[in-house]
Each structure stands twice: as C-alpha cells, then as structure tokens.
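Participant: Give me a 3D structure for the following:
(one chain, ligands or ions: 1)
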Amino acid sequence: MNSANRPTREEAEQAVRTILLWGGENPDRDGLIETPKRVAKMYEEILAGYHIDPKEYLQKTFGEIDKYDEVIVLRDISFESLCEHHMMPFVGKAHVAYIPDKRVVGISKLARVVDAFAKRLQIQERMTSEIAGTINEVLQPRGVAVVIEAVHQCMTNRGVHKPGVSMQTSALTGLFRTNPQTRAEFFSLIK
Ligand SMILES: [Zn+2]
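Facilitator: Down below sits the predicted model:
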C-alpha cells in the first residue's frame, strides 16, 4: 500500500472504537479503554505481510548442491491468516516442495515465504498459488508443489457452522504437474 495514503494508528484506533459503539458497547468503560490500541496493534502484526517482499527471502541461494535433483519438502508449516471476506482467522498447515535446478535456499526461507503471504487478507486458493508462483519465479526450479490445509473460522464459528471441516488446496508447477510419479511421491511425502 502507498504509505502516503496510509491512515494513522490513531485513525485505526478510532475505527475500532466506532465498531465497539456500533455493537452496543461503551468504549469508555474500564475493560475497553485499551482495546482499540490493542486491536490496532494486533492487526499490525497479523497484516505485517503487506510490508514484506517475499521474493527477498529467496535471494540468498546456495549453488554447491552436488547434482542434488530430488524433491526437497518442508512439511507442516503452521500458519495463521485472515480470510478477506470476513476478516476471520483461517489456520492450518502448508507443505512446500521443490526440485532444485542448480540452486537451493535455506529451508527456513520457505517458511518465511508462507508467513509473508499468510499475514495479509487472503483466500486460501490465492495464497497457495502465490507461494508456488514466487518460489517458481525466483528459484526457477524444475518444479514447485504447495499444499495447504486449513480450517476457516468463518465457516466453523458462524454462517453454516460446520466445526471440523477443513479445506485443502494445491498448486503444482513443472515436474509436479507433468510427471505423475513425482506428484505421487510428493503426496506420499506429506501424508
Ligand atoms: Zn471467510
């Protein structure tokens, strides 16, 4: 976001106060005095991804991989995000794999890429393809696979109220898309 257009923290706190009033609360009572401040600060944390360029995490690569050309997979990367339709949390796990072509990254960087996209207002489908697309674009590997499983509170805690329902999305590029054996290997690795 253009920082020149960015409202101030005070304006954000004022907006929270408005929602409290609108909901029927008295924002001046003891328990709520600090609430607008805390809520603004919380959103600053959970929307921090807007101020991060995930591609930068993948800039530092290692070239001495000694012809390693098998699947590298990072499983069970837990994340928390907010659905863009309701601003309610969806939480789950991401599994990220790639097949390097000359260059590899430190594996913690893959988790950071997941976080950078999770800490925005999201829909799970887009988040999945953004993670895969970024890794594909920067590392130019022989394939990328991303699977995300998540529980959406906007579905379990409101609306249709279906606790326990989780959603799975996937994005596959390169060999994961074209080679059924590679794809099957990936899905068995994350089981
Ligand atoms: Zn939602």
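
Participant: Next, V114: secondary structure please.
Facilitator: What DSSP: H, G, I helix; E, B strand; the rest coil gives for V114 is helix.

Participant: isn't it right next to H95, touching?
Facilitator: No - in this structure, V114 is not within contact of H95 by C-beta atoms under 8 Å, at 9.7 Å. For the C-beta atoms, the positions are set from N, CA and C on the backbone; glycine is no exception.

Participant: Mind checking which of the two has more residues around it?
Facilitator: V114 (25 against 21; other C-beta atoms under 10 Å).

Participant: what pLDDT does the more buried one get?
Facilitator: pLDDT, V114: 98.

Participant: Could you do G49 as well?
Facilitator: G49 is given a pLDDT of 97.

Participant: what's the nearest residue to it if we skip its chain neighbours?
Facilitator: K119 (3.4 Å; C-beta to C-beta, 6 or more residues apart in numbering).

Participant: list residues touching both of V114 and H95?
Facilitator: I77 (C-beta atoms under 8 Å, 6 or more residues apart in numbering).

Participant: next structured bit after the longest helix seen in the chain?
Facilitator: When the chain is parsed with DSSP state H, its longest helix is helix 124-139. Using DSSP states H and E, the helix or strand that follows helix 124-139 in sequence is strand 143-152.

Participant: how far out from the middle of the chain is that following strand?
Facilitator: 10 Å (C-alpha atoms, centre = their mean, to the nearest Å).

Participant: That one near the ion anywhere?
Facilitator: No - under the criterion of C-beta under 5 Å from the ion, the ion is not reached by strand 143-152; the shortest gap measures 5.7 Å.

Participant: Check which helices and strands the next helix or strand after that strand is in contact with.
Facilitator: For strand 143-152, the succeeding helix or strand toward the C-terminus, using DSSP H and E, is helix 153-156. Where contact means 3 or more C-beta pairs under 8 Å, 6 or more residues apart in numbering; DSSP states H and E, helix 153-156 is packed against strand 89-99.

Participant: So what are the sheet partners of whichever helix or strand comes after the strand it packs on and their directions?
Facilitator: Proceeding C-terminally, strand 89-99 gives way to strand 104-105 as the next helix or strand, assigned by DSSP H and E. Strand pairing for strand 104-105, using DSSP bridges, gives strand 61-62 (antiparallel).

Participant: For the strand it pairs with, what is the distance to the chain centroid?
Facilitator: Per C-alpha atoms, centre = their mean, the centroid offset for strand 61-62 relative to its chain is 23 Å.
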